[in-house]
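Asks: Only the shape, not the letters, is given here:
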């Protein structure tokens, strides 16, 4: 697995490993918008290291609505419905997030206005044991999910079992632009968070049936 760190170095257009800044999207892929109609905040992007199994070589991007900052609730049935990235199963009311895995890319013309553009570093790390078992609680890609509660497993609508891709730990903050509004229900006046600051476990479709075929599991 690789540990991901937010550096103090400003990101520039064309950088591929960033918080905020300029997303690198597949040709024809629009900047994601929430079902409420609001363009999403661009949280981060990075190239998945090529030596990681299943997802190596993908470019992962993460977005969330600036208005809706809620938890994502997993369904009782492990089988996710068709296009769950556009219409998540109950009790979730709308898709206010979007995770994309792509291969080609075009740099967006404008930067995200909410977060400070910072470069990310990815450093090879080793999993360590925790009080619940194995797995390092960290912002990371690959390796083992460090579950806070019982492990959760889901099946993509295409029939493939989703595979752990990466994790954002509890109360992990992303530095906001000084002029940006404070995020609703964030734990910080200076940072934005994803899904209320819950642990976020990204489970992705290994068959790549759709660039957005990623399910975020929240625990705390």
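Replies: Nice, I can see it. Computed from a predicted structure; not experimentally measured. Numbering: from 1, shown residues only.
Asks: OK, contacts around residue 175?
Replies: Residues near residue 175 by CB atoms under 8 Å, 6 or more residues apart in numbering: 6, 19, 115-116, 118, 190-191. Every residue, glycine included, has its C-beta placed from N, CA and C.
Asks: those helices in the protein, which residues are they?
Replies: Here the chain has no helices by DSSP state H.
Asks: where does it have low pLDDT?
Replies: Scanning the chain for pLDDT under 70 picks out the ranges 130-133.
Asks: which residue is nearest the middle of it?
Replies: For the chain, the residue nearest the mean C-alpha position is residue 62 (4.1 Å; CA atoms, centre = their mean).
Asks: my guess is that residue meets residue 45, correct?
Replies: Yes: with contacts counted by CB atoms under 8 Å, residue 62 reaches residue 45, the gap being 7.2 Å.
Asks: hang on, residue 208 packs against residue 101?
Replies: Yes: assessed by CB under 8 Å, residue 208 is found in contact with residue 101 at 6.9 Å.
Asks: The two: which is more packed in?
Replies: Using other CB atoms under 10 Å as the criterion, residue 208 and residue 101 rank with residue 101 on top: 22 against 17.
Asks: what's around the closest residue to that one other than its chain neighbours, how many residues?
Replies: Nearest residue to residue 101, sequence neighbours excluded (CB to CB, 6 or more residues apart in numbering): residue 58, at 4.4 Å. Close neighbours of residue 58, defined as other CB under 10 Å, add up to 22.
Asks: and stretch 194-213, how far out from the chain's middle?
Replies: Distance, stretch centre to chain centre, for stretch 194-213: 6 Å (CA atoms, centre = their mean, to the nearest Å).
Asks: Scan this structure for its longest strand.
Replies: Criterion DSSP state E: the longest strand present in the chain is strand 2-10.
Asks: Flag every buried residue along that strand.
Replies: 2-4, 6 (16 or more other CB atoms under 10 Å).
Asks: I figured residue 17 hits residue 46, correct?
Replies: Yes: assessed by CB under 8 Å, residue 17 is found in contact with residue 46 at 4.3 Å.
Asks: Looking at these two, which one has more neighbours?
Replies: Between residue 17 and residue 46, residue 46 has the larger neighbour count (other CB under 10 Å), namely 22 against 18.
Asks: wouldn't the more buried one be in contact with residue 119 here?
Replies: No: with contact defined as CB under 8 Å, residue 46 does not count as touching residue 119 (10.0 Å).
Asks: list the residues that contact both of these two?
Replies: Between them, residue 46 and residue 119 share these contacting residues under CB under 8 Å, 6+ apart: 17-18.
Asks: re the thing from before, dump the contacts of residue 175 to CSV, plus distance to residue 73.
Replies: Putting those into CSV (distance: CB to CB, whole Å) gives the following:
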residue, distance to residue 73
6, 28
19, 26
115, 25
116, 30
118, 30
190, 28
191, 24
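Asks: from those, which is closest to residue 159?
Replies: Nearest to residue 159 among the contacts of residue 175, counting by CB to CB, is residue 19 at 34.3 Å.
Asks: Against residue 84, how distant is the nearest residue to residue 90 once chain neighbours are set aside?
Replies: What sits nearest to residue 90 in space, not counting adjacent residues and going by CB to CB, 6+ apart, is residue 75, at 7.3 Å. Noted for residue 75: a distance of 9 Å to residue 84, by CB to CB, to the nearest Å.
Asks: Equivalent analysis for residue 2, please.
Replies: Note on residue 2: its distance to residue 84, by CB to CB, is 27 Å.
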